[in-house]
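For reference, the sequence and a predicted model appear below.
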2 protein chains.
Amino acid sequence: MTTENVYKNISLKKVAEKAGVSIATVSRVINNSPNVNPETRIKIEKIIKDLKYTPNRVAKRLRNRSSSGSLLGVLIPDIQNPFYVEVLRGIEDVAYKNKYALIMCNFAQDENKEKLYLDILQSESIDGLIAAPTHEHDQKVTNLVKAGLPIVCVDRGLVDVDVDVVLVENRKGAFTAVDYLAKKGYKRIAYISGIPKLPSSRDRELGFRDALEANKLSVFTELIKYGDSRHDSGVRLCAELLELPNPPDAIFAGNNLITLGALETIHKKGLKIPGEVAIIGFDDMYWSISLNPPLTAVRQPAYEIGKCAAEQLISRINNPGRPTSSMILKTELMIRNSC
Amino acid sequence: MTTENVYKNISLKKVAEKAGVSIATVSRVINNSPNVNPETRIKIEKIIKDLKYTPNRVAKRLRNRSSSGSLLGVLIPDIQNPFYVEVLRGIEDVAYKNKYALIMCNFAQDENKEKLYLDILQSESIDGLIAAPTHEHDQKVTNLVKAGLPIVCVDRGLVDVDVDVVLVENRKGAFTAVDYLAKKGYKRIAYISGIPKLPSSRDRELGFRDALEANKLSVFTELIKYGDSRHDSGVRLCAELLELPNPPDAIFAGNNLITLGALETIHKKGLKIPGEVAIIGFDDMYWSISLNPPLTAVRQPAYEIGKCAAEQLISRINNPGRPTSSMILKTELMIRNSC
DNA sequence: ATTATTTATGTAAACGTTTTTATTGCAATA
DNA sequence: TATTGCAATAAAAACGTTTACATAAATAAT
């Protein structure tokens, strides 16, 4: 049933034996505590090298509830979304530099899965967590924050508790995009929203409405569609829009995956972009230029988000007392040919 | 300097106290071992529920070198590559179903980073590893296999040791693609290869050559370019190809990222696809249809690869003695409009 | 010369499990 | 009745660390 690995690492004990010294002393040289005889230190260091000793991170974590340079959790909603992949890259780079390993949890927008993963993370005694919670009132994450686990939220904040957070200017970014559309002369602009309970979706909708108002365009409620932030909902909702008796002349897509889905639908219907319908996306991808047509989109600095979040997290781990901070990063309009 | 989390989980001890019983007994009901009084069991189960006890996975792993349902390592070369993201999804789904958490290690084609990550993984006492090693002779991974750590290789095998492996028919897939090109009448077909020391790159080149030969086309060595499997090399090598005095009329791109890079270059030069230059890719993406033009490509069942690998791994963990197996999955030509 | 302080090291407890071994009480067997 | 066997449980060791405490020797202070 259960198994046994043959391989076994060198432990402190082995090193101590070889050096004719107690494990405490060896531990001290490893964590270079003061008060160890320079000669002893050198001798032990040599043995450590010879034996290729590496400390056991599991034992370390068991002993020290939070041990420096150990394990970070990452809880993301959808690893198929290139945005989160970029965020992950940013996190990973920083984590690696600081000798943290990453437990990756992709909860696929499933709140049950999220809960289970959080249990696992807690039970793995992670040192900190970067999370994009399912929504602003996420109980489980909120509780963890309250319990004192270092946490940084990305893409979406938490409302019932004070927590570090890294976001982008969703409202402003959306405004820029839709304003651009309006200035180009489009009159019937649609919005395909991601999951409406997400603050990012709502903020983008606000930006969308701001821009329509600023340009004295009316908002047509039938042109606002709410989906689930995934590719299929882009496909489906875009079809619904285009089949309207009076379809939109331009579409603002709420995220990456929705944009791709919408493009798919438009192409399937054989419509010309931007001639018959224009499209602008929230979220840029490095291959947006190779899309048909090259996509105009609001770029989120995804890599930066991940990087900042990881830095914030590590800073909090090292200094749990410091006041919480929220970083709001800027977006950028990447103008190409889809509108 | 170091920190202390306030939060602390319920331990076996607490449960045992509450139940007026020894921790051994509690442990027994948890792992439902036989020989525990049904009444005691019920009583303890209730307390476990009341106290919301969850076992500490760290302690578990420390005690049992390999404890069922704990930690798996994933070592992948490039998380920016959508192919690996799909593989990861497959792995993650299976892992989650079996209560394994995943430590994600993205070594970004950097052998040093790979080594460091492997050290970390080992020191985390992972139960098993899914890896796409840097090359067939990867010392570190080879050693781990020899040491008895359950390992499954994906995308690339290991040559100095017997190991489970999940691959696709690279040679045949490449043949199909290039044969398709040839049958369409293209005469000067180029190949942009990924890292040449990877077996997958080499196999795809073999398939490429097979197809040229089968169609009585000559291979022009100046039309075979070797890169590093990344986006930039696609951009660069495609440019080199197109600037040749006698440029190719069709390009077979060795992977995902290369295809995207090549597309970028072709578009920058304002060439018509497939009129002025055709392109066919190895690796399909779910949004290939939205590219300009919709991309014809060889589809690897990436999700399946991940799924199979994870299943193989778990099966090996539960049964370390079983003979190694290699699974070779089929590819599929997705015909669209880029050639 | 005596006491206090510092320095280097060792001992042992603790983290939360699993598991081997030991200890009960009780029924069954002789 | 004495012995054996079994079922249920407890006790304790082990996994590999860190660290508070103890000890001993060496140095400094009185």
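Noted; the coordinates are in hand.

going forward, measure contacts between C-alpha atoms and count neighbours the same way
Fine.

those helices in chain A, which residues are they?
A:12-19, A:23-30, A:38-51, A:57-63, A:82-97, A:111-123, A:139-147, A:170-183, A:199-214, A:231-242, A:256-268, A:302-318 (DSSP state H).

so how far is chain B from A:E111?
14 Å (C-alpha to the nearest C-alpha, to the nearest Å).

Who does A:K225 form a beta bridge with?
With beta bridges defined as DSSP bridges, A:K225 has these partners: A:I192.

how many neighbours does it have?
A:K225 is flanked by 20 other residues according to other C-alpha atoms under 10 Å in any protein chain shown.

before we move on, what about A:P245?
A:P245, neighbours per other C-alpha under 10 Å, totals 7.

what's the spacing between it and DNA strand D?
As judged by C-alpha to the nearest atom of the strand, to the nearest Å, A:P245 and DNA strand D stand 69 Å apart.

And for A:Q300?
Separation of A:Q300 from DNA strand D (C-alpha to the nearest atom of the strand): 40 Å.

before we move on, the earlier item: now the helices of chain A as CSV including distance to DNA strand D, mean neighbour count and mean pLDDT?
Listed next are the helices of chain A as CSV, based on distance: least, C-alpha to the nearest atom of the strand, whole Å; neighbours: other C-alpha atoms under 10 Å in any protein chain shown; pLDDT from 0 to 100:
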stretch, distance to DNA strand D, mean neighbour count, mean pLDDT
helix A:12-19, 3, 17, 94
helix A:23-30, 4, 17, 95
helix A:38-51, 11, 15, 95
helix A:57-63, 4, 19, 94
helix A:82-97, 19, 21, 96
helix A:111-123, 15, 18, 94
helix A:139-147, 21, 17, 94
helix A:170-183, 43, 22, 98
helix A:199-214, 40, 21, 97
helix A:231-242, 46, 21, 97
helix A:256-268, 44, 25, 95
helix A:302-318, 14, 23, 96
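
how about the residues of the stretch 51-200 of chain A near chain B?
A:54-59, A:61-62, A:65-68, A:79-80, A:85-86, A:89, A:92, A:101-106, A:120, A:123-125, A:147-149 (C-alpha under 8 Å from any C-alpha of the partner chain).

Let's have the helices of chain A in TSV, adding distance to B:C153.
As requested, these are exported to TSV (distance: least, C-alpha to C-alpha, whole Å):
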stretch	distance to B:C153
helix A:12-19	32
helix A:23-30	34
helix A:38-51	28
helix A:57-63	25
helix A:82-97	22
helix A:111-123	26
helix A:139-147	35
helix A:170-183	41
helix A:199-214	39
helix A:231-242	30
helix A:256-268	30
helix A:302-318	29
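
Please tabulate these in a markdown table and include distance to DNA strand C as additional columns.
Listed next are these as a markdown table, based on distance: least, C-alpha to the nearest atom of the strand, whole Å:
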| stretch | distance to DNA strand C |
| --- | --- |
| helix A:12-19 | 8 |
| helix A:23-30 | 5 |
| helix A:38-51 | 5 |
| helix A:57-63 | 3 |
| helix A:82-97 | 24 |
| helix A:111-123 | 8 |
| helix A:139-147 | 14 |
| helix A:170-183 | 42 |
| helix A:199-214 | 36 |
| helix A:231-242 | 41 |
| helix A:256-268 | 41 |
| helix A:302-318 | 19 |
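
Can you say which of the ones you listed is nearest to B:C339?
Across these, B:C339 has its closest neighbour in helix A:256-268 (17.9 Å, C-alpha to C-alpha).

just how off-centre is that closest one within its chain?
23 Å (C-alpha atoms, centre = their mean, to the nearest Å).

What is that helix packed up against?
Helix A:256-268 sits against helix A:231-242, strand A:278-282, with contacts defined as 3 or more C-alpha pairs under 8 Å, 6 or more residues apart in numbering or on different chains; DSSP states H and E.

With distance to A:K14 added, can I get these in a markdown table?
Output for the helices and strands packed on helix A:256-268, formatted as a markdown table (distance: least, C-alpha to C-alpha, whole Å):
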| stretch | distance to A:K14 |
| --- | --- |
| helix A:231-242 | 55 |
| strand A:278-282 | 57 |
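
Would you pull up the residue in the stretch 51-200 of chain A closest to chain B?
A:I103 (4.5 Å; C-alpha to the nearest C-alpha).

Indicate which one of the helices and strands packed on helix A:256-268 is closest to B:I335.
helix A:231-242 (20.7 Å).

does any bit of that closest one sit next to chain B?
No - applying C-alpha under 8 Å from any C-alpha, one finds helix A:231-242 separated from chain B by no less than 9.2 Å.

Cool, thanks, talk later.
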